[in-house]
Structure formats: C-alpha cells, structure tokens
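Asker: Starting from these lines, generate the structure:
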Amino acid sequence: MAHLSIEEEQLNIVCPCCKSEYKLDLKTLQISDIRRPLRNLSKRKIRRILIREQGGRKCIVPSCQESGKLHLHRCLSGRNGGRYIPSNTVLVCERHHPLLEGCRSKEEVIARAQVIGGQTNTLEISDQQLKAEFAEIAQNA
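Answerer: Okay, the predicted model is just below:
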C-alpha cells in the first residue's frame, strides 16, 4: 500500500515497491514532481541525462558557448549530503563552475546561472543589498 500525505493542496504518494515519489495537485489533478530513486547510475549516464535535459552538450549558463570539457556540478554539495543524481546535478564549464558554488538546490543553481548569463538581474539586487549591509556594518565598527 502506498504512503499518502497531504501538504498545501498537494497529495504526496510514495510507492513502497519502487520508492518512487509523486505529487498530485489537488486543484488541477495533475501529477508533477515525479521522483524515482536512481541507484548505481554512473557519472557517464548522468551526463547523458543532463545533456538531454539541458538541450545539448553545453554549460548551464545561457550565454556561455562552451561545449568542450564540462563538469558535473552537484547543486547540493557532497558535504551537505548531495549526491550525483540528475535532480541534483547540472553541466557547467570550468569558468562558471566556481560561480555556482554555495547553492542549495537545482532551482537556485539555474536562477544564478540565468543571472550570470545576463537573463535576469535578481542577484544583482541582492548583491546591492548585501553591499549596503556591509557598508552599514563598516560605519558602525
């Protein structure tokens, strides 16, 4: 029998046999966020999945044209329990890899990559706020 739980108008279903997780939106009755446990996937297989997800062999940063040596970047680092699974990894070039460190989720990595690629300025606003806070701390010191 499947394990069921309800959170914020979503029904979470976990299959006991295969440990797959499904979310059912109770308003639209659409299934979303399907997670299947991926065991023993090699980095090579993960790389193939990500190439398909990212629309080809390219860096996750939209404006980057690098398609040579791409790194597998874990969105949630290994120190924090992140594993090499497709839902926690992205392909990124050597130049942009350090700029994506410190993110806690794939969504955060994608958002930061869009900022780096010049498609949004959300992070710039956050940086300005951070600079203002540092300036205030420096004045009070």
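Asker: wait, is residue 46 part of a helix?
Answerer: Yes - the assignment for residue 46 is a helix, going by DSSP: H, G, I helix; E, B strand; the rest coil.
Asker: Now do the contacts for it.
Answerer: Each residue near residue 46 by CB atoms under 8 Å, 6 or more residues apart in numbering is listed here: 72, 84-86, 89. For glycine as for every other residue, the C-beta is placed from the backbone atoms N, C-alpha and C.
Asker: where's it relative to residue 57, distance?
Answerer: 14 Å (CB to CB, to the nearest Å).
Asker: Which parts of this protein are helices?
Answerer: 43-53, 106-116, 122-140 (DSSP state H).
Asker: in the protein, which segments are predicted with low confidence?
Answerer: Residue ranges of the chain with pLDDT under 70: 1-7, 15-20, 32-40, 119-138, 140-141.
Asker: Apply 80 and report the result again.
Answerer: Applying pLDDT under 80 to the chain flags the ranges 1-41, 67-68, 118-141.
Asker: hey, where'd the strands end up in it?
Answerer: 3-7, 10-14, 21-25, 31-35, 70-74, 89-93 (DSSP state E).
Asker: Single out the most deeply packed of these.
Answerer: strand 89-93 (a mean of 23; mean count of other CB atoms under 10 Å).
Asker: In contact with residue 95, which residues?
Answerer: Per CB under 8 Å, 6+ apart, neighbours of residue 95: 64, 66.
Asker: Equivalent analysis for residue 29, please.
Answerer: Residue 29 neighbours (CB under 8 Å, 6+ apart): none.
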